[in-house]
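[1] Sequence unavailable; structure follows:
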């Protein structure tokens, strides 16, 4: 079995780093129980071998549980407890199982999102597909109040900037084409035989705009699995999103109806704030369309979202969809500065809001110190003109 050993080892090291507190070991095994690769926190070689031997004895039980509970290749996942350890196992494609070994008293829920991310990456490494070994930090505190949440990631970027960083999450039913849209945009490729995503897959792409000089949005794209098995972990993947694309298949009415029934509810439960949304109707290249443009547009308006239709197969509107949501991200961080215009003898003079504030808040309070009594009337007239400008009561003539 050929695979990139360096990339797999780098992945396991990242995984160990993110789960360092409770993690005992992480293993990649095949369905016969053979350990393909592993990493442990146990320093002594003898103890390490002893641990692997003990795991091998449990592997048969774990694999039998997977086989009995899940069909091969459908991302079976679960836990298995012993007196000393807690195991999380996730199918990493049809041949491999990704196993996380935790302390016996560890809480499982915070680690499931990481396990699925890693399983997806393992599957890609063994398939020879492009993948980064980096395991991102995942905020699992999505259930607490907004004021207790961590600082929004976009607040780390300067308020006015040519460069914006944004976590863009893709959600929607399984099979609607989320991965196809992302791959068409990031790598300009399309395959009919994409494997369904395990948990989430993360890629990056810079979105640039014609006519906006050097302005760009650096998307960190989270392609989130749509299968019901991942309902439990999706909130952890959605948290900290700066933008979300909700995708449905125009030939599958159920995927359209689930926008409100499932996906919009998922978003509401995570308590996201100041997020840019775009509703995407995909697969418009197919003739058997069921969901009309008008009813999709009506739903988008009801949910206060923009709407666009795409074809990942032909590439139609794919770039436009990302530019659309990129502009919405930029729009949130544009400083709207009110200005006033004075027209004197056909010449226009611009007074900006902060300049007016400077006059009123600094100069005006000191008028009694610096303005002579003989000049007070003229001064008051000048201040009234500025006051009218601030209230936008003067008109150009």
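    Nice, thanks for sending it over. Source: prediction; values computed, not measured.

[2] how many other residues sit next to residue 203?
    The criterion is other CB atoms under 10 Å. On that basis, residue 203 has 19 neighbouring residues. C-betas here are computed from N, CA, C, even on glycine.

[3] And residue 274, by the same measure?
    Using other CB under 10 Å: residue 274 sits among 11 other residues.

[4] buried set for stretch 84-95?
    For stretch 84-95, the neighbour count (16 or more other CB atoms under 10 Å) marks 85, 86, 87, 88, 89, 90, 91, 92, 93 as buried.

[5] Now do the contacts for residue 207.
    Residue 207 is in contact with 216, 217, 218, 219, 322, 323, 326, counting by CB atoms under 8 Å, 6 or more residues apart in numbering.

[6] Name only those of those residues that count as buried.
    216, 217, 219, 322, 323, 326.

[7] In helices, which of these appear?
    Among those, the members found in helices (DSSP state H) are 322, 323, 326.

[8] can I get the residues you listed in JSON lines with distance to residue 184 and pLDDT?
    Listed next are these as JSON lines, based on distance: CB to CB, whole Å; pLDDT from 0 to 100:
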{"residue": "322", "distance to residue 184": "10", "pLDDT": "93"}
{"residue": "323", "distance to residue 184": "14", "pLDDT": "89"}
{"residue": "326", "distance to residue 184": "16", "pLDDT": "89"}
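
[9] show me where the stretch 251-397 of the chain has strands.
    With DSSP state E, counting those that start in this stretch as the criterion, the stretch 251-397 of the chain has strands at 276-282, 306-309, 339-344, 347-352.

[10] Check those for me: which has the lowest mean pLDDT.
    For the strands of the stretch 251-397 of the chain, the weakest mean pLDDT is recorded on strand 339-344, namely a mean of 51.

[11] What's the separation between residue 230 and residue 116?
    In this view, residue 230 and residue 116 are 7 Å apart by CB to CB, to the nearest Å.

[12] Kindly report the same for residue 268.
    Distance of residue 268 to residue 116, given as CB to CB: 22 Å.

[13] what does residue 278 give?
    Distance from residue 278 to residue 116, counting by CB to CB: 25 Å.

[14] same check, this time on residue 103
    From residue 103 over to residue 116 the distance is 20 Å, taken as CB to CB.

[15] Neighbour count for the two, which is higher?
    Between residue 103 and residue 116, counting by other CB under 10 Å, residue 116 is the more crowded of the two (29 against 13).

[16] For the nearest residue to the more buried one once chain neighbours are set aside, give me its contacts.
    What sits nearest to residue 116 in space, not counting adjacent residues and going by CB to CB, 6 or more residues apart in numbering, is residue 199, at 2.5 Å. Listed by CB under 8 Å, 6+ apart, the contact partners of residue 199 are 90, 113, 115, 116, 117, 119, 120, 224, 225, 230, 233, 237.

[17] Can you add secondary structure, distance to residue 283 and pLDDT and give those residues back as a markdown table?
    Formatted as a markdown table, these follow (DSSP: H, G, I helix; E, B strand; the rest coil; distance: CB to CB, whole Å; pLDDT from 0 to 100):
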| residue | secondary structure | distance to residue 283 | pLDDT |
| --- | --- | --- | --- |
| 90 | strand | 29 | 84 |
| 113 | helix | 29 | 87 |
| 115 | helix | 31 | 89 |
| 116 | helix | 26 | 87 |
| 117 | helix | 27 | 89 |
| 119 | helix | 27 | 89 |
| 120 | helix | 23 | 89 |
| 224 | strand | 19 | 94 |
| 225 | coil | 18 | 90 |
| 230 | helix | 22 | 86 |
| 233 | coil | 26 | 87 |
| 237 | helix | 24 | 91 |
